[in-house]
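[1] Next comes the sequence, and after it the predicted model I'd like to discuss.
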Amino acid sequence: MAFNHLPAGVDDALRSLSVTPVTHSMPMANNQLPPSDGERPSPRSVLDRLASGPGRADRITHTEHLPPRTGRHAVWPDRIRPEVIAAIQRAGIDHPWAHQALAAEHALDGESVVVATGTASGKSLAYLAPVLSALLDGSEVPTREARRREPLPRDGGGRAGGRGTTALYLAPTKALAADQRRAVRDLASPLGNRVRPAVYDGDTPVEEREWVRQYANYVLTNPDMLHRGILPSHPRWSSFLRALRYVVVDECHTYRGVFGSHVAQVLRRLRRLCARYGSDPVFLLASATAADPAVAGHRLTGLPVVEIAEDASPRGELVFALWEPPLTELSGEKGAPVRRTATAETADLLTDLTVQGVRTVAFVRSRRGAELIAVITQERLREVDRSLPKRVAAYRGGYLPEERRALERALHSGELLGLAATTALELGVDVSGLDAVLIAGYPGTRASLWQQAGRAGRSGQGALAILVARDDPLDTYLVHHPEALFQQPVESTVLDPDNPYVLAPHLCAAAAELPLTDDDLELFGPAAAGLMPQLEAAKLLRRRATAWHWTRRERACDLADIRGGGGRPVQVVEASTGRLLGTVDESASHAAVHDGAVHLHQGRTYVVKHLDLEDSVALVEQADPPYSTVARDTTSISVLETDTEIPWGGARLCYGSVEVTNQVVSYLRRKLITGEVLGESRLDLPPRTLRTRAVWWTVTDDQLDAARVNPEQLGGALHAAEHASIGMLPLFATCDRWDIGGVSVPLHPDTLLPTVFVYDGHPGGAGFAERAFHTARAWLTATREAIASCECDAGCPSCIQSPKCGNGNEPLHKRGAVRLLGELLKGAPDPAGAHGSA
């Protein structure tokens, strides 16, 4: 998949970046394949070559060496069927790793378990061994061919007695479920039709769905389909649910924030229906390395979960470099210095690695970023050897399955040397034999960072990983504080199933599935009982005798958009054809598809001509502008209730409920690649309100005097501290900076003091502000350090400027923020003490 031309604006951008020329140290002959395993250069030598170009060595701020690790074998529990063990051995696996055998033992004992080990540690086999063994205990039922000769049961209930044991697999993406079905089919092929895996999702043809419901005994789906398709139609799934023995929840660390909270309630609805049909399935969870995986697993499933976190699989040597792009001669807002973008820097590195014959994946956060890196790399390779551009491609969501498979095969075989990929490749897709991974910008969590870095060296050989910093506070902090990455455990998964905005629609969905009784409410958590009168008052539920019933004709499951923020989604429609391109969450529409916004869809660029709020439609036209757009907003906040308040000397640290009023007021146009601001346009959009959860801190006049922050500096110091603290919070809570917001006020009417607020950007909260409250000392210490260590004079995007600031990053006072945070932290409780400790 080669690109033959550059998008508009990229040519100019490339020329503007020629101050840091690419050095190609290893020109390759036409069609030369990468070195064989025995000839592969060491990760250190590859890094040394990358650093040998002009000015390159200074960009490496730290190099971490992780030594190789030997594996520890065990034996499968004797209750695993011998046919399953034989099938595993046919696949080339003679003995399991110790953590695989231990997970299977717990599963066979009927204990829910979470396997939280590293990438490529064999988590899939840990749950597949007990699942396949259980499925073999089932009786024979007809194949698809036999179905033509045998009519289906008329009652839709199937034949529970003849079906045998069943299992359900949940993946966060359709692509991962499809990959897993292929893996199961290949592994279980010697077992015949006793194992019948089938994908059931929105892409499953209608004629296949009835067969899946009646005969498949290992159904692979996603939480969305479980929520909207399976649970509301549970009578048609009765034989499957009655025989359900195992529920596999893969990549469970991705279920965080509001999405994770929704999935937690979907799983509680599943457990309730299983109990109705007489089954009590065991949950088998697979997670990237995470802090407190048993606690996160319990919050997700509502069940006690056994934790297996000791990784017994072998690992090759890993050299991990932190890379900071250089400052350019360009200037940004208020004359602030601007660094070379992570996109341009990653394209340079991918070019050099391709020329060296090093098989590499570059992870990028956006689809457009992946496409741009691939395009720029191909253009630069064309200058070296015209056969090389075809050996680099982009890989992202939105491709057809056959296109994705072709790219994976090409990477496996060595036909492709370089791939610029979004996280579509991060989640479990099997790509082995890579030599290097480039990570263009911190991916938001240490768990994701290690997940991506683990894609290299998956066959046990040594590997190189490079984190290329973006120009923002968190990335800048991390490349200068490597201990925050390499000496800290990965984050806890944050979710809040008791959020009333999440829980209420699932109570309605549950009542529509089966009338809700008082005994059921305990399953849904302590907040459920208090919501029932409100749902009755809203005429959504009605109590009759001993249970609540759904009262509407509409489908109750439609009340909950488990991946969105609620509200009616905005349809994105191509104006010239009337074609529906997709949808945008209502909560994000003002910032994402306002008039003039640049909108990306499956690799194509569109400009929004008009956002119709009344009809929830954004009309767009295909275009290729040389810029991207970033919305700016203004925000006010009021305190509704303070749940917790602790003293920090004279200051106060608080956590509670707030109401946020937000209005998108303008948008910036930024030049592609360089990020240079081309202009700002005003918008006329209505304000919106959000009731959510927040953490906030106040300071006294005495503390301001001690910090030498005068009234003229106060607004800028608070504003700078707010921006930087939002940028740093993802280091302590599993969120993105776009999941949270902030407000700073020199005199807030509710506190009557200078106050900084940081709030969850979702109705009812998402757990991020609560996590900030509980880690406030460490969080604000890191915030102060990030500002103080930045080499700029008065503030820049690497420390206190925010890309989404509605006030145009005014006022900001860098030195005042450092002094103010220093004075605030003097009063912070001892780390061993109160809630605000690390």
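    Noted; the coordinates are in hand.
[2] pLDDT value on the closest residue to D793 other than its chain neighbours, please?
    Nearest non-adjacent residue to D793, counting by CB to CB, 6 or more residues apart in numbering: K814, 7.8 Å away. C-beta: built from backbone N, CA, C; applies to glycine. On pLDDT, K814 comes in at 97.
[3] residues of stretch 208-227 that come out buried?
    211-227 (16 or more other CB atoms under 10 Å).
[4] Just the CA atoms of it, as CSV, please.
    This file holds the C-alpha atoms of stretch 208-227, laid out as CSV (Å, rounded to 0.1, in the frame of the first residue of the first chain):
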residue,chain,number,x,y,z
GLU,A,208,-25.6,-16.7,10.2
ARG,A,209,-27.0,-15.3,13.4
GLU,A,210,-29.5,-18.0,14.0
TRP,A,211,-26.9,-20.7,13.7
VAL,A,212,-24.7,-18.9,16.2
ARG,A,213,-27.5,-18.7,18.7
GLN,A,214,-28.5,-22.3,18.4
TYR,A,215,-25.2,-24.2,17.8
ALA,A,216,-22.0,-22.2,18.5
ASN,A,217,-20.6,-23.1,21.8
TYR,A,218,-17.8,-20.4,21.9
VAL,A,219,-19.3,-17.1,20.9
LEU,A,220,-16.9,-14.2,20.4
THR,A,221,-18.4,-10.7,20.6
ASN,A,222,-17.9,-7.2,22.1
PRO,A,223,-19.6,-5.4,25.0
ASP,A,224,-21.7,-3.3,22.6
MET,A,225,-23.3,-6.4,21.0
LEU,A,226,-23.8,-8.0,24.4
HIS,A,227,-25.6,-4.8,25.6
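[5] Show the average pLDDT along it.
    For stretch 208-227, the per-residue pLDDT averages 96.
[6] Quick one: mark the members of the buried residues of stretch 208-227 that sit in strands.
    If you go by DSSP state E, the buried residues of stretch 208-227 have 218-221 in strands.
[7] Assign the nearest residue to A374 once chain neighbours are set aside to helix, strand or coil.
    Once flanking residues are discounted, A374 sits nearest to A394: 3.9 Å by CB to CB, 6+ apart. Following DSSP: H, G, I helix; E, B strand; the rest coil, A394 is assigned to strand.
[8] residues contacting A394?
    Applying CB atoms under 8 Å, 6 or more residues apart in numbering to A394 gives the contacts 1, 370-371, 373-375, 419-421, 603.
[9] Ok, T165 next?
    T165 is in contact with 134-135, 137-138, 217, 243, 245, counting by CB under 8 Å, 6+ apart.
[10] at 10 Å instead, please
    Residues near T165 by CB atoms under 10 Å, 6 or more residues apart in numbering: 131, 133-139, 217-218, 243-246, 279.
[11] between these, which is nearest G454?
    V131 (23.9 Å; CB to CB).
[12] which secondary element of the protein has the worst mean pLDDT?
    Here the helix or strand of the chain ranked lowest by mean pLDDT, DSSP states H and E is helix 10-16, holding a mean of 33.
[13] ok, back up a step: thought the residue nearest to D793 was touching I787?
    Yes: if you go by CB atoms under 10 Å, K814 and I787 touch, sitting 6.2 Å apart.
[14] what do those two both touch?
    Common neighbours of K814 and I787 (CB under 10 Å, 6+ apart) are 720-721, 724, 795, 799-800.
[15] Of those residues, which is the most crowded?
    Comparing these by number of neighbours (other CB atoms under 10 Å), A724 comes first, having 34 neighbours.
[16] Could you verify that that residue is part of a helix?
    Yes: counting by three-state DSSP, one finds A724 located in a helix.
[17] Now do the contacts for the residue nearest to G297 when sequence neighbours are not counted.
    Counting by CB to CB, 6+ apart, G297 lies nearest to V305, which is 3.5 Å off, once chain neighbours are set aside. Contact analysis of V305 by CB under 10 Å, 6+ apart lists 106, 111-114, 252, 283-285, 293-299.
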